[in-house]
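>>> need a 3D model of the sequence below.
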Amino acid sequence: MHDVPGWVETLRGVILSIVLAVLALRIPSLRRPRQRPLWYVLLALATGSLAIQSQVGPWIDGATGIAKAGELTVTMVALTDFAAVWWLAVALHSAGHAAPARLRRAPVVCAAAMAVLAVAFFAVTPASDRFGAQAHGWWTGYAVAWIAYGAVTATGAAAVFWRHGITMRSPALRTSVLALAVGTSAELPYLVIRAIRWFTPHAPSMLALVGFWCSFARFVLVALGCSLAALEPLRRAFAYWYRRQRLRGLWLLLRQATPELVLAPPGSRGLDLLAFDNTWERLHQRVVDIRDSITFLHNGWASPVLLEQASQYAAGCAGKDAGGDRSGHGDRSGQDRERLLAVACWIEAARRDALAGAPKLHCELDKDLLPDVHASASTVHREIRHLLCLHRALRSRPVRAFADGAREHTAADTPS
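Reported below is the predicted structural model:
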C-alpha cells in the first residue's frame, strides 16, 4: 500500500514477537493493579497487529456477511489501544498524585462513546462509503469523531508521559516513559494528516507515506516502551536475587560464628538459588542478618585492646598493598581503605574467638569500628558493594595474619 522498505514488516514481526513474549512472561502482573494497564496496552497492540493482517479482514467479512466488518473490527481494536495508553498514563499520574474520579474514568467513557458512534455511523453509512479515502455523507461524522477522539487520547497521554518521563529516577523507567511520550506525540501529526486526506480532495500522495511513518513510529515506541516497563520488575527482582547470592559467603561465615542468632538452619545452596520470590525482602533480611552478626561479635568478643590493635595494624598497612586492589576497593581513599582493613581485622579475630568457644567479654565499646550502614531501597547497591569489599578483606592475607596473632595478644592484655 505504501512505498516503504521491506524491513518494516520484518521489524513489525520482531516487535510483535517481543510483545507476545512479554505478555506471556508478565501474566502474573494481572494480579497487581498498578502493573495491569501495561499488560492491557501490550495486549491491545498485539491484537491490533494481528487484526491488520491482510487475510483477517476478508475472513471477518465472510464470517459475518457484513461488508467492511473487518475494518470495523480494526477500528474497535485501535480505539481500545488509544484508551489503554491513556489509562496507563492516568495510572502513572495517579501513583504519585491525587487524580479526580472523572479523570480516572475518562479513558473508559471516551472509548465507550467512540465505540457507540463508530457502530452507529457504520450502520447508517452505505458500504461503499465506509472507510474510504475520502469521507462522504454520514461517514463525515465518523471522521470528525475519530479525529477528535484520537486527539484527546493522544494529547492526554503524551502530556502525562512527558511530565513524568523527564523526572523518573530509574534509567529504565525514564527511557520507557519517554519512549511512550514520543510515541503518543507521533500520533498527533498522523491524525492531522488523516484529517487532511479525509476532507481535502486530491491530497498529495506523500502525505499517506508520512502518515504511515508516524503511525509506525507510534507502534514501535509504545510497544518497546511498554515492554521495557513491564520487564523492569523482573530485572529488578533478578538484580536483588543476584546480590543476595553474592552475599551468601559472608552471610554463612558470620552466621556460623553466631548460632545464637540463627532461628532456622541455613538452607542448601540449591534451595537458595531457587528462592526467587520476595527477592527484595530476602536481600534485605540477608543484609540485616549480616549486620546483626557483626554487632553480636562486637558486643561479645571485641575489646578495647583488640580494636586498638586492629586500628594500629591497619594504619601500619596503609601505605602497602594490604589486599586493597584485590579486595575491590583499590579506588577508595587511603582513609577508607585503612578503616575497612581495621574493621575486617577485628571482625575476623572476634569471629575466630566465637567459633573457638572463647568466653564473651561484654566490654563497653564505642561504635567507631562498626561497618558503615547504607541499607535502604535506594542505596542497596552501595550497601552490597561495601559488604562485598568487607568479605574480600576478611579473606585477605593481612587480615588472616592479624587474626592469627590476635588471640594470644588479647588474652594477655584483657583484664580478668
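
>>> name the nearest residue to residue 4, sequence neighbours excluded.
residue 212 (6.5 Å; Cβ to Cβ, 6 or more residues apart in numbering). Quick note: C-beta positions are derived from backbone N, CA and C, even for glycine.

>>> touching, that neighbour and residue 12? I think so.
No - counting by Cβ atoms under 8 Å, residue 212 stays clear of residue 12, with 11.7 Å between them.

>>> any weak-confidence spans in the stretch 201-350 of the chain?
Scanning the stretch 201-350 of the chain for pLDDT under 70 picks out 318-333.

>>> need the helices for it, in chain order.
Along the stretch 201-350 of the chain, the stretches classed as helices by DSSP state H, counting those that start in this stretch are 205-246, 248-257, 269-274, 279-301, 304-317, 334-355.

>>> please apply the same query to the stretch 1-150 of the chain.
With DSSP H, counting those that start in this stretch as the criterion, the stretch 1-150 of the chain has helices spanning 7-25, 36-51, 56-64, 69-94, 101-124, 139-165.

>>> right, so of the ones you listed, which gets closest to residue 201?
Smallest distance to residue 201 across these (Cβ to Cβ): 13.4 Å, for helix 139-165.

>>> before we move on, the earlier item: now tabulate the helices of the stretch 201-350 of the chain in CSV and tack on mean neighbour count and distance to residue 403.
Listed next are the helices of the stretch 201-350 of the chain as CSV, based on neighbours: other Cβ atoms under 10 Å; distance: least, Cβ to Cβ, whole Å:
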stretch, mean neighbour count, distance to residue 403
helix 205-246, 18, 23
helix 248-257, 18, 12
helix 269-274, 11, 26
helix 279-301, 19, 12
helix 304-317, 19, 10
helix 334-355, 22, 4
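
>>> could you dump the ones you listed to a markdown table with distance to residue 392?
Shown next, in a markdown table, are the helices of the stretch 201-350 of the chain (distance: least, Cβ to Cβ, whole Å):
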| stretch | distance to residue 392 |
| --- | --- |
| helix 205-246 | 11 |
| helix 248-257 | 9 |
| helix 269-274 | 20 |
| helix 279-301 | 14 |
| helix 304-317 | 15 |
| helix 334-355 | 9 |
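
>>> so which of those helices gets nearest residue 177?
Closest among the helices of the stretch 201-350 of the chain, using Cβ to Cβ: helix 205-246, at 7.0 Å.

>>> now that closest one, how far from the centre of its chain.
Distance of helix 205-246 from its chain centroid, counting by Cα atoms, centre = their mean, to the nearest Å, is 12 Å.

>>> ditto for stretch 386-403
In terms of Cα atoms, centre = their mean, the centre of stretch 386-403 is set 34 Å apart from its chain centre.

>>> nothing else from me, thank you.
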